[in-house]
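Asks: Predicted model and sequence below, questions to follow.
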Amino acid sequence: MKRAVSILGLLLLIVSCQGPTGDGFGGKDDWLMFRGNPSLNGYVESTLPDRPVLMWEYRHGVRCVAAPLVQDTCVYLCDKHGVMLGIGLQGKEVFRHDWQTDIEASWLMMDSVMYVGQIDGQVRAVVRSSGKELWSVHTEGQISASPNWIDIDGCAKIVAGSYDGNLYVMDAKTGQVQNQISTGYYVNGAAAVCGDYVVFGGCDAWLRVVDCRTCVATDSMQLDAYIPASPAVTGADVYVADYSGNVWELQLKEGKIVASRKLLQPTDDEGGMLSMPAVTDDAVYVLAETRYLYCLGREDGTVRWRTMLSGEVGECSPLVCKDKVLVCTKSGHISIHNAESGKLLWEYETGEQIIASPAISSGRFYVLTARGTLLCFGGI
């Protein structure tokens, strides 16, 4: 085992009732959670390089499905066995922590604390620099989706779903369970934040809304098939795909679903979706029908364009970076497309399957393959 040559953080900044520092969620160049923000909408203001080049790669050699994160100029990855590595900007290992249990979902970083959901059903808060456990909450089922956080009256709450059929709302500082909302079936995807509410789907095809101020469910809606991934939220609008290939738009008002429509329906039997939408002010981007990237207009609900990708899509979800869309596929292809036209601008073949969504920070983007190869791309 390599010895850490850099300890990230000298002092323990235990999460206070004020939650994250600065603008509410880390520094502008940090990528601290799955999809980049609590709304899970996959949109960032970062600019992708015009001509990306491979800066370095780090080969871990163990299967990885959780998306990488970036904090303090260090890129973190975690394999399925729970070994977490921090890779510095030169592609060298500078941090290692063994969670000693299987992990499939990305963790959450706030200040100096990591919040992780584990296959053994635990949600744990651990100090990043020392590995000291602050608290743990045990659920009765595996946790396959990333924890999220929400600010309620200046207090940070951790939200995580379990295969025991419950959504847990916990105090970020103490781990005290504020409530557990029963759904009666597996909670498979992460909960997306919409104001004081969170929205999440389950394997029973129901999309649910929970008020995190009162910790009670306020509304629900049954879709056409089970919901394998998480919703994405922009403003009061929620976008989610079901396994039959539908892309839904729902509008929330005070925790109630006041309108809904299908933006996209499958054209054949291969329409099933496993990834999430990415949402901008006026468009929704989805991977559909095994091979295509779609752009859907939010106002009129029409298909603006679709483009065929190199190889089959999978669980990895697209990211929109201003005027470009970054896509990784199950077949191992990475591509960048013009957000207005869908035109292919750049493509790279890794030769390895990609399941985890990419991370973006300081003009670079990071892709983690299922074999545990972390690739760093930057500009010339």
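Replies: Arrived safely.
Asks: make it CA atoms for all contacts and neighbour counts henceforth
Replies: OK.
Asks: Tell me which helix or strand comes right after the host helix or strand of Val198.
Replies: Using DSSP states H and E, Val198 maps to strand 197-201. The helix or strand immediately downstream of strand 197-201 is strand 206-211, counting by DSSP H and E.
Asks: Count the neighbours of Ile380 for me.
Replies: Residues near Ile380, counting by other Cα atoms under 10 Å, number 10.
Asks: repeat for Glu299
Replies: By the criterion of other Cα under 10 Å, Glu299 has 9 neighbours.
Asks: just checking, it touches Asp282?
Replies: Yes: with contacts counted by Cα atoms under 8 Å, Glu299 reaches Asp282, the gap being 6.8 Å.
Asks: Kindly calculate the angle that the strand holding Val198 makes with strand 206-211.
Replies: On the basis of axes from the mean of the first three to the mean of the last three Cα atoms, to 10 degrees, strand 197-201 is oriented at 160 degrees to strand 206-211.
Asks: what pairs with strand 197-201, and is each one parallel or antiparallel?
Replies: Here strand 197-201 has these sheet partners by DSSP bridges: strand 192-194 (antiparallel), strand 206-211 (antiparallel).
Asks: So which of these is the most surrounded?
Replies: Of all these, strand 192-194 carries the top mean neighbour count, a mean of 27, counting by mean count of other Cα atoms under 10 Å.
Asks: who touches that one?
Replies: Strand 192-194 has contacts (Cα atoms under 8 Å, 6 or more residues apart in numbering) with 38-40, 148-150, 198-200, 230-236.
Asks: and Val15, what pLDDT?
Replies: With respect to pLDDT, Val15 scores 30.
Asks: Revised request: answer the last question for Glu312.
Replies: pLDDT, Glu312: 89.
Asks: for it, what are its contacts?
Replies: 290-291, 329-331.
Asks: got any ranges where the stretch 201-350 of the chain has weak pLDDT?
Replies: 269-271 (pLDDT under 70).
Asks: And the strands in it?
Replies: 206-211, 216-222, 232-234, 237-241, 247-253, 256-264, 278-279, 283-288, 292-297, 303-308, 319-321, 324-328, 333-338, 344-349 (DSSP state E, counting those that start in this stretch).
Asks: Dihedrals phi and psi, Asp224?
Replies: Main-chain torsions, Asp224, degrees, to the nearest 10: phi -80, psi -20.
Asks: does it really touch Gly245, like I thought?
Replies: No: assessed by Cα under 8 Å, Asp224 is found out of contact with Gly245, at 9.1 Å.
Asks: which of these two has more neighbours?
Replies: Between Asp224 and Gly245, counting by other Cα under 10 Å, Gly245 is the more crowded of the two (23 against 14).
Asks: Let me see the backbone angles for Gly235.
Replies: Per-residue torsions, Gly235: phi 60, psi -130 (degrees, to the nearest 10).
Asks: Now do the strand holding Val198 against strand 237-241, angle only.
Replies: 20 degrees.
Asks: Can you tell me which of the contacts of Glu312 is closest to Val44?
Replies: Distances from Val44 to the contacts of Glu312, taken as Cα to Cα, are shortest for Thr329 (19.8 Å).
Asks: Excluding chain neighbours, what is closest to that closest one?
Replies: Spatial nearest neighbour of Thr329, chain neighbours left out: Val313 (4.6 Å); criterion: Cα to Cα, 6 or more residues apart in numbering.
Asks: What helix or strand is Leu374 located in?
Replies: Secondary structure assignment for Leu374, by DSSP H and E: strand 373-378.
Asks: That strand pairs with which strands?
Replies: strand 53-59 (antiparallel), strand 364-368 (antiparallel).
Asks: Next one: the residue nearest to Cys78 when sequence neighbours are not counted relative to Val159, how far apart?
Replies: With sequence-adjacent residues excluded and distances taken as Cα to Cα, 6+ apart, Cys78 is closest to Met84, at 4.2 Å. According to Cα to Cα, to the nearest Å, Met84 stands 22 Å off from Val159.
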